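J.: Pasting the sequence and the predicted coordinates here, then a few questions.
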Amino acid sequence: MKTSDTAKEDKEVWLCPFCRTEALCVILENKTVFAIKDASPVSPDHMLVLPKRHCLDYFHMTHEERCDAHDLVERLKTLILARDPSVRGFNIGVNCGETAGQTIFHAHVHLIPRRENDTPHPRGGVRGVIPDKMNY
């Protein structure tokens, strides 16, 4: 499923937990990306959408991969809403680079379902990555 061009990339693919697809439970997939449940979810049904090809981050994804990822995010949203009526919103996020909080260096998009009162102060949403900027 994964391809690379250099020995360094081959080592990265071999070490990448997202490239060992036999160990993953794929929820949905399309031509270039697949979805799994996050192993450390911040809320129930927290999903990850990842390219099938090993690539560093969102900015290294092809246009087709980004479009296919968007399609899977939409499909997952529909599935989650149909299964869990308590979901009232979503956060969609991407961490690119260690400074931005990326811990696994294989591109992935987080889809995080949100429920009423799941946090005391949800205002600011993704702005919470820098806590002092969350409330405005």
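T.: Structure received.

J.: Every contact and neighbour count from this point should use C-alpha atoms.
T.: Will do.

J.: which helix in the chain runs the most residues?
T.: The longest helix of the chain (DSSP state H) is helix 63-83.

J.: ok, residue 101 - how many residues close by?
T.: By other C-alpha atoms under 10 Å, the residues close to residue 101 number 11.

J.: tell me the contacts of it?
T.: Contacts for residue 101 (C-alpha atoms under 8 Å, 6 or more residues apart in numbering) come out as residue 95.

J.: Mind jotting down where the strands sit in the protein?
T.: Per DSSP state E, the chain carries strands over the ranges 28-29, 33-37, 47-51, 87-93, 109-115.

J.: Pick the most deeply packed of the ones you listed.
T.: strand 47-51 (a mean of 28; mean count of other C-alpha atoms under 10 Å).

J.: what's the distance between residue 124 and residue 104?
T.: To residue 104, residue 124 is 25 Å away according to C-alpha to C-alpha, to the nearest Å.

J.: For those two, indicate the residue with more neighbours.
T.: residue 104 (16 against 13).

J.: mind checking how far that one is from residue 127?
T.: Counting by C-alpha to C-alpha, the separation of residue 104 from residue 127 is 21 Å.

J.: try residue 24
T.: In terms of C-alpha to C-alpha, residue 24 sits 30 Å off from residue 127.

J.: swap in residue 54?
T.: With distances taken as C-alpha to C-alpha, residue 54 is found 28 Å from residue 127.

J.: Compare those two (neighbour count), which wins?
T.: residue 54 (24 against 13).

J.: Local confidence estimate at the more buried one?
T.: Per-residue pLDDT puts residue 54 at 96.

J.: give me the beta-bridge partners of residue 47?
T.: Residue 47 has the following beta-bridge partners by DSSP bridges: residue 37, residue 111.
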